[in-house]
Every structure is written in C-alpha cells, then in structure tokens.
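Student: Need the 3D shape of this:
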Amino acid sequence: MTVFLVIIVLALLAVTGWQISKIFELSKRPDADTSQVANDKDNKLNGILMLAFVIFIYVISIFCFWEYGRFYLPEAASEHGSEYDTLMFVSIALIMVVQVITQGLLHFFAYKYKGEKTKKALFYADNDKLEFIWTIIPVIVLAGLIIYGLFTWSDIMNVNTEEDPMVVEVYAYQFAWRARYAGEDNTLGKANVRFIEGVNQLGVDESDSYGKDDKIVTELHLPVNKPVLFKFRSQDVLHSAYFPFFRAQMNVVPGMITQFSFTPTITSEEMRQSEYMVDKVKSVNEVRNERNQELAAQGEPTLDSYEFDYFLLCNKICGQAHYNMQMKIVVESEEDFNAWLEEQPTFGSVMADQNKDAGQTEDKGGSEDPASKEEGEDSTNEQSQESEAVAVVENNN
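Tutor: The predicted model follows:
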C-alpha cells in the first residue's frame, strides 16, 4: 500500500509540474521569441555554461584525488609489485594529462567559437599533417606502455628455474581453496579429479611416487623473499585466483593447469605495522565498535576486532557463495615457514591412515554376527544416501 501511495504522489507531482510549465507559457509576452532556433543570446549562455562545467570537472577531480587518495592500493608486497604499480601510475598520469588538455580545449572552443550571426564557420575537407600528428603520438605512447607491460608480464609468467622456486598448487572448488606443497623433491605428484575419493580431496594419484611427500593444507603459508611457482587447478567452474597485495591474478580453468610466480617481500606482521594498515585497522575497528553497541543493545552477537591478514580471493562470479571464497595467506620468515610445514602431514601418511582405518573396519565387520552386520549395512546405506543427497543439493546451489 505504501508503494502504491508513493507512486500516486509522484504522478501527481509530475502533473503539477506540467501544469505549472503551461502557466509559464501563457504568461509570456506576446512579442516574446518562441522560436526553437538558437539565437546569439542562447549561444552565449551555452558557451558560458560549457566553461563553467569544465571548471567544475577540474575542481571535483582535484577534490577526489586529495580526499580519496588514501584509498589507493597499499604498498605492494611482492618483488614485481613495484613495477606493476609504476605502470599503473604512469598510465593514470598520461590519461589525466591528455584528459585535462583535450577536455579544456573542447570546452574553451565551445565558448570561443560559439554561434554568432556575424560569424561564418570555416570548413576543412582534410588535413594530412594534423591527422598524422594525432595518429602517430597515440601509437608511440601506447606502444611504449605495451612494451613496458610485456616486461612486467614476463617477470610474472616466465619462471627462472635457476632460482629454484618453491612449487605450490592452488586448488579451487565451490566455494573454497586448498593448497598443495611439493615435498623435498620439489615436484608435485600427478593429480586428476577422477581420483577424488575420501580424504583425497584434490585427486592426487596415489601411484605417483612424487605425490607421497606432498602436503595439502587449507591455509597458505609463504616464506618471505623466496620465489614461489603457483600452479592452479579447478574442480568445477571457472575461478580466478586474485592476490591483491601481491599484484597478481590468474584464471583457474577446469581441465587445465595455469601458472605464474612471484616473490613475497613483506611479511604479514610487517604489513600490519605499516602506517597505512595501522590507520586502516583503527578506522575499521572504530566502525565495528559503533556497530557492536547497536548489536549489544539488540541482544545480538557482536563483531570481532579486525586484524589484517593477506587473503587469496576469487575474482570470478562462480556461484552463490563467490563473495566468501577466500583463503588466508601467511607470509613469514623461512624458519617459521619450515617449522609450520614440518608439522603438516604428507599425502602418503594421510592415505596410509585412511587405508589402515578401512582395514580395521573390515576386520571388525567380519567378527560381527550376520544380524548386526546386516543392520550396520542398512545404516551405512542410509548415511550414504543422505550424503549423496546433500552433495546434490550443494552442487545445485
């Protein structure tokens, strides 16, 4: 009902405005100029408005750069990140210079050459010299940017094997990530989605000896100042691995392996202590504290205090929970990284434990009486059917 009343009020306001405009038309003097053709007065007014508009554009642009410059990307946390940022700022600077000059000339000429009865427009059929100038300058500038960008792209995509990069696989599925570290051989075992079963959630080939010492985790740890070669796989749909602080992104495509590399240069703790991040954390927590007061008054759970962490995000709209598809990244010293990695179980030990548990279950099942065994099979079948139903629902969602 409220929406209906609002629509009626808006319609009445529109009718009122139309009637008022008719009254103004009737109140004009008989000798008033009602022609639809612009006269000198109209042209002068529009010329002045064009100048005023370009001044407004410049003022609002300066204000936005001054007021919202703090929302630029923070310091890059990877070795190639500074080159990436330089390329971006060079592009922005060129765009702004061209925009200021061309936009200013456009509005100035609109004022300077406004229509007047005493003026006659001068027509140029063509001008080869001008066309050459405004063609060759953009060609040179764009070629320079492209060549510069290719060098930066090459640093990310072409891995220098002489640096002995650490090999990490990033596995995407709706709606989370997993990481697989190569073992002491620094070689990942073969994998295929057809091998996914039980605890083998990444489909690692059990028959491949290179995969025995691989380690699968749900939190990505990286040693600082050490090159890392990332290999990406997807279980289901197209995802995009986005590392904003490391200035890197790569599509994760089902049925193929994509890769890039970078070297992290700032640990998580160092980034937390940076001036930019200290201010950001303080600002976010101030907002959360205000919100917590409202939640507490309503008797609802309050929000936790915000603390910065690196995160791997999905930058493709891959489904309903895309917004929350992320994995925490911890950049730390090599000693801390090695200590953490040492605590993680290998794929071979995980599969051995699963096979051992399966064998014990079979032994116990053989000693049971037929009635209890049949009853257990029925229960297992029911649980299996329930699990399959849940899986179908999740896949459909």
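Student: Show me what stretch 71-86 is in contact with.
Tutor: Here stretch 71-86 makes contact (C-beta atoms under 8 Å, 6 or more residues apart in numbering) with 151-152, 155-156, 243-248, 262-266, 271, 274, 276-277, 280, 310, 331. Yep, even glycine has a C-beta here, placed from its N, CA and C like the rest.
Student: Check stretch 297-312 too.
Tutor: Taking C-beta under 8 Å, 6+ apart as the rule, stretch 297-312 contacts 77, 170, 177, 220, 241-243, 245-246, 268, 271-272, 277, 280-281, 284-285, 288, 291-292, 295-296, 326-331.
Student: coming back round to it: make a PyMOL selection of the buried ones in the contacts of stretch 71-86.
Tutor: Entered in PyMOL, the line below selects the buried ones among the contacts of stretch 71-86, by 16 or more other C-beta atoms under 10 Å:
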select buried, resi 152+155+156+243+244+245+246+247+248+262+263+264+265+266+271+277+280+310+331
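Student: What's the first helix or strand after the longest helix anywhere in the chain?
Tutor: For the chain, the longest helix by residue count, based on DSSP state H, is helix 81-112. Later in the chain than helix 81-112, the nearest helix or strand by DSSP states H and E is helix 128-157.
Student: quick check: angle from that next one to helix 81-112?
Tutor: Compare the direction of helix 128-157 with that of helix 81-112 by axes from the mean of the first three to the mean of the last three C-alpha atoms, to 10 degrees and you get 160 degrees.
Student: List the buried residues in helix 128-157.
Tutor: Those would be 149, 152, 155-156, for helix 128-157 by 16+ other C-beta under 10 Å.
Student: OK, contacts around Ser207?
Tutor: Ser207 neighbours (C-beta under 8 Å, 6+ apart): none.
Student: My reading is that it lies in a strand. Confirm?
Tutor: No - per DSSP: H, G, I helix; E, B strand; the rest coil, Ser207 lies outside any strand segment and is coil.
Student: ok, so what distance separates it from Arg194?
Tutor: Counting by C-beta to C-beta, to the nearest Å, the separation of Ser207 from Arg194 is 13 Å.
Student: pLDDT averaged over stretch 320-340, what's the number?
Tutor: Averaging pLDDT along stretch 320-340 gives 93.
Student: Give me the distance between the two termini of it.
Tutor: 33 Å (C-alpha to C-alpha, to the nearest Å).
Student: can you check stretch 172-181 too?
Tutor: Stretch 172-181: ends 15 Å apart by C-alpha to C-alpha.
Student: Could you list the low-confidence segments of this protein?
Tutor: For the chain, the stretches with pLDDT under 70 are 24-36, 358, 360-397.
Student: Report the central residue of it.
Tutor: Among the residues of the chain, the one closest to the centroid is Asn315, at 4.2 Å (C-alpha atoms, centre = their mean).
Student: correct me, but that one touches Ala248?
Tutor: No - taking contacts as C-beta atoms under 8 Å, Asn315 lies outside contact range of Ala248: 10.9 Å.
Student: Which neighbours do these two have in common?
Tutor: Common neighbours of Asn315 and Ala248 (C-beta under 8 Å, 6+ apart) are Tyr242.
Student: do you know how far Met325 is from Arg194?
Tutor: Between Met325 and Arg194 the computed distance is 24 Å (C-beta to C-beta).
Student: burial measure for Val204, as a count.
Tutor: Here the number of neighbours of Val204 (other C-beta atoms under 10 Å) works out to 26.
Student: May I have stretch 182-199 as PDB, with CA atoms only?
Tutor: The C-alpha trace of stretch 182-199 is given here as PDB (Å, rounded to 0.1, in the frame of the first residue of the first chain):
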ATOM      1  CA  ALA A 182      55.600 -30.200  -3.100                       C
ATOM      2  CA  GLY A 183      57.800 -32.300  -0.800                       C
ATOM      3  CA  GLU A 184      61.500 -32.500  -0.600                       C
ATOM      4  CA  ASP A 185      61.700 -33.400  -4.300                       C
ATOM      5  CA  ASN A 186      60.100 -30.000  -5.100                       C
ATOM      6  CA  THR A 187      57.900 -31.800  -7.600                       C
ATOM      7  CA  LEU A 188      54.100 -32.200  -7.300                       C
ATOM      8  CA  GLY A 189      52.600 -35.600  -7.800                       C
ATOM      9  CA  LYS A 190      50.200 -36.100 -10.700                       C
ATOM     10  CA  ALA A 191      46.500 -35.400 -10.000                       C
ATOM     11  CA  ASN A 192      43.100 -35.700 -11.600                       C
ATOM     12  CA  VAL A 193      39.600 -35.000 -10.400                       C
ATOM     13  CA  ARG A 194      38.800 -38.700 -11.300                       C
ATOM     14  CA  PHE A 195      40.900 -39.700  -8.300                       C
ATOM     15  CA  ILE A 196      38.900 -37.700  -5.800                       C
ATOM     16  CA  GLU A 197      37.600 -40.000  -3.100                       C
ATOM     17  CA  GLY A 198      37.500 -39.900   0.700                       C
ATOM     18  CA  VAL A 199      40.300 -37.800   2.200                       C
END
